[in-house]
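Engineer: Return atomic coordinates for the entry below.
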Amino acid sequence: MLVKLNDDEYEKISGRAAAAGLTSASFLALLGIQDVPDSAAPAKLTDVQLRALAAELYAIKRILRGAGTNLNQMAATANTTGEIDPTALLHAARAIKTQPRLDALLDEIRQVFPW
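Structural biologist: This is a model prediction of the structure:
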């Protein structure tokens, strides 16, 4: 099994494992086989809620993909011609305007899955 951790997670787990006199792998294995209380388990979503989250995620993905594609094409043109398409700022603004929408969706997901 491969477990990927960011630096902060790695430091915390390594420290706790060392304090318990265990390797990180043994520490994680012992934690993994323990029963998880229901209060620590993620909340269950209804099919309707899950579909709504997925629909919003795909809508954001579509917006960002379109803006990114347009910006890449404009950058290629700018590199070739030396001129910047005036609509480039509109596409960049569209991507920037999507940020709060993405943040709100991620906050909603974090409330359901608080790990």
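Engineer: Residue 5 versus the closest residue to residue 98 other than its chain neighbours, what's the distance?
Structural biologist: Excluding its sequence neighbours, the residue lying closest to residue 98 (Cβ to Cβ, 6 or more residues apart in numbering) is residue 63, at 5.0 Å. No exception for glycine: its C-beta is placed from N, CA and C like everyone else's. Taking Cβ to Cβ, to the nearest Å as the measure, residue 63 falls 31 Å from residue 5.
Engineer: Show me which of the two is the more surrounded one.
Structural biologist: residue 63 (16 against 13; other Cβ atoms under 10 Å).
Engineer: burial measure for the residue nearest to residue 23 when sequence neighbours are not counted, as a count.
Structural biologist: For residue 23, ignoring the flanking residues on the chain, the nearest one in space by Cβ to Cβ, 6+ apart is residue 17 at 6.2 Å. Look at residue 17: counted by other Cβ under 10 Å, it has 18 neighbours.
Engineer: Helix or strand: which one has the residue nearest to residue 98?
Structural biologist: Counting by DSSP states H and E, the element that carries residue 63 is helix 47-81.
Engineer: Okay, buried residues for that helix please.
Structural biologist: Within helix 47-81, the residues that count as buried by 16 or more other Cβ atoms under 10 Å are 56, 60, 63, 67, 70, 71, 74.
Engineer: got a list of what the second one touches?
Structural biologist: For residue 60, the residues meeting the contact criterion (Cβ atoms under 8 Å, 6 or more residues apart in numbering) are 98, 101, 102, 105.
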